Each structure stands twice: as structure tokens, then as C-alpha cells.
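[1] Model the structure of this input:
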Amino acid sequence: MIDPRADIHPSAEIDPSAQVGPFSVIGANVRIGANTWVGPHVVIQGPTDIGRDNRIFQFASVGEAPQDLSYRGEPTRLVIGDRNVIRESVTISRGTEKGHGETVIGHDNLIMAYVHIAHDCIIGDGIVFSNAASLAGHVEVGDHCTLGGFTLVHQFCRIGAHAFTSMGSALNRDLPPYCLASGNYARLIGINKVGLRRKDFSEECIHALHRAFADILRAGGDRKGRLAQLLAETEFAEVRHVLEFVQNSPRGVLRAGRD
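    Numbers count the residues shown, from 1 in each chain. Coordinates of the predicted model:
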């Protein structure tokens, strides 16, 4: 299952059911789980742990040293879960010591060609990264998000669950859960209604999220007071999630409206 033309470091641990294509390089301290397929011309450096049933396509660079001037060769890690698809020319870096020491990718993600995921990012489950989306260091992305092609995300930003960015968006602040963002710099333009309906969210929940968006994110004035009031009144866990995300955002959330 390992092509004889692949270069495998003696310390690499590869499950017998995994496959490695020709001319791929598997470095020291790399672990590859069951039924994972590594195509030709892939480079995986360690320490990196890769789960089961992943598919990694040609020319991907996975687990390479972080692009950070303070990095001095510390033994940081990359952890990748199960059933991820990592397409051509994707780059994913390990963590840094000044961060939390590891980059983490969850399960069931589609990471399209030319995506870059930098050091110390934390990626959830079921996310679609469209072509050439790029995350700077220390970015957090919640479950079931969709990042449009060429989306750019500033370091230390957070993107909440079920959020959506349009093509070419540039995020310099946090994007709350369930919201849509577009533009450079990106602005909030509403609730991700289409995505939520596809995930079988109730119309009552979507309407409550829309009202919270209008009351908290679009309106001016006393946001802090309205946050406290809505937190006390809402019956939807999803609305509470949005309100707590906004309340606890260290960078602040994106502004609402269009350029």
C-alpha cells in the first residue's frame, strides 16, 4: 500500500490499510491512520497525527514548520481528525510555542485547492474551505461554516458555527455564528438563512436569529443593555450562542451593512 518510490522516515507510523503514492515524503514523527489515502507528491512533516479515512491530494504540504519569525524549531504539532478531504496544493502548518503548541483540524472538512491554514488555528467539523481561502495564525473556525473562494482571515479572528463568507471577503474582526459576511473589509449582511434551512433549522429559530441580528448587530445605541435583555429573554440556544459570542469577542465583531 506504500509505493516504493515514496520516501518514508523510519520513525513514521503508517497504518497497514493506509496508502501512500509515488514521490510523496513522509517525515519523522508522522502518524497516519487507517484507510487514509495520501496521493503522489505530497509532503507531510511531523510531529503530525492524521486520523482515519482522510484523502490528501497531490502537492499538498501538511505539517510543515510555521511561517512565524519567532519559531526556532520547537517540537510543535499538527493534529488532523477523520474523513477530511485535502485537495491540491493546500498548505497546513504546525503550531508555535507562543500559541497553544498545535494546529488542530477536526472531522469531515472539505479543504479545496490552494487553501492555507496557518499555525495555531483551530478548525471544527463539517467546514467547506473554497479555493484559496487563507487563514492567518491563531484563527478559530466553528463547525459547518462555508468560506468562499479567496476569503482572507486576519490572525486571532474567530468565525462562529454555520457562518458564511462570500467570495473575496477579508475578515479583520470576528464573524458571529449563523451570520453572512461579504466585502473587503467584510461587513455583516444578515443571517445565513439558506445554510440554516439546509441544516433543518426551524423557521422559528431562523426568525429569532434574524431578530437578534437586527437588535444587536445592525442597530446602534446601547448594545450592552440589549445583549443583557435578550440573554435573559431568549428561549433559543442558537440565539444565546450568538449573543454570548458577541459579548465575549476580544477583537470585536464585524460591522453590519454594506460598503
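[2] all contacts plus neighbour counts: C-alpha atoms, from now on.
    Will do.
[3] Helices along the chain, start to end?
    193-198, 203-212, 223-233, 237-247 (DSSP state H).
[4] Tell me which of the ones you listed sits nearest to residue 11.
    Closest of the helices of the chain to residue 11 is helix 237-247, at 42.2 Å (criterion: Cα to Cα).
[5] What are the buried residues along the closest one?
    Buried residues in helix 237-247, counted by 16 or more other Cα atoms under 10 Å: 238-243, 245-246.
[6] Distance to residue 212 and pLDDT added to those residues, as a markdown table?
    Converted to a markdown table, these look like this (distance: Cα to Cα, whole Å; pLDDT from 0 to 100):
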| residue | distance to residue 212 | pLDDT |
| --- | --- | --- |
| 238 | 10 | 94 |
| 239 | 7 | 93 |
| 240 | 9 | 93 |
| 241 | 11 | 94 |
| 242 | 8 | 93 |
| 243 | 8 | 91 |
| 245 | 12 | 94 |
| 246 | 11 | 92 |
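[7] Pipe these into TSV and attach distance to residue 204 per row.
    Below are the buried residues of helix 237-247 laid out as TSV (distance: Cα to Cα, whole Å):
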residue	distance to residue 204
238	11
239	11
240	14
241	16
242	16
243	17
245	21
246	21
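[8] before we move on, the earlier item: could you identify which of the helices of the chain is most buried?
    Stretch with highest mean neighbour count among these: helix 237-247 (a mean of 19; mean count of other Cα atoms under 10 Å).
[9] Packing partners of it?
    Here helix 237-247 is seen to pack against helix 203-212, helix 223-233 when contacts are counted using 3 or more Cα pairs under 8 Å, 6 or more residues apart in numbering; DSSP states H and E.
[10] Would you mind checking the average pLDDT for stretch 178-196?
    For stretch 178-196, the mean pLDDT works out to 95.
[11] Which pLDDT does the model give the closest residue in space to residue 95 that isn't next to it in sequence?
    Counting by Cα to Cα, 6 or more residues apart in numbering, residue 95 lies nearest to residue 102, which is 3.9 Å off, once chain neighbours are set aside. On pLDDT, residue 102 comes in at 96.
[12] Touching, residue 102 and residue 92? I think so.
    No: if you go by Cα atoms under 8 Å, residue 102 and residue 92 don't touch, sitting 11.3 Å apart.
[13] can you list residues touching both of these two?
    Counting by Cα atoms under 8 Å, 6 or more residues apart in numbering, the common neighbours of residue 102 and residue 92 are residue 119.
[14] circling back to that earlier point, and residue 66, which of the helices of the chain is closest to it?
    Per Cα to Cα, nearest to residue 66 of the helices of the chain: helix 237-247, 28.3 Å.
[15] Give me the angle between the closest one and helix 203-212.
    Put simply, helix 237-247 runs at 20 degrees to helix 203-212, going by axes from the mean of the first three to the mean of the last three Cα atoms, to 10 degrees.
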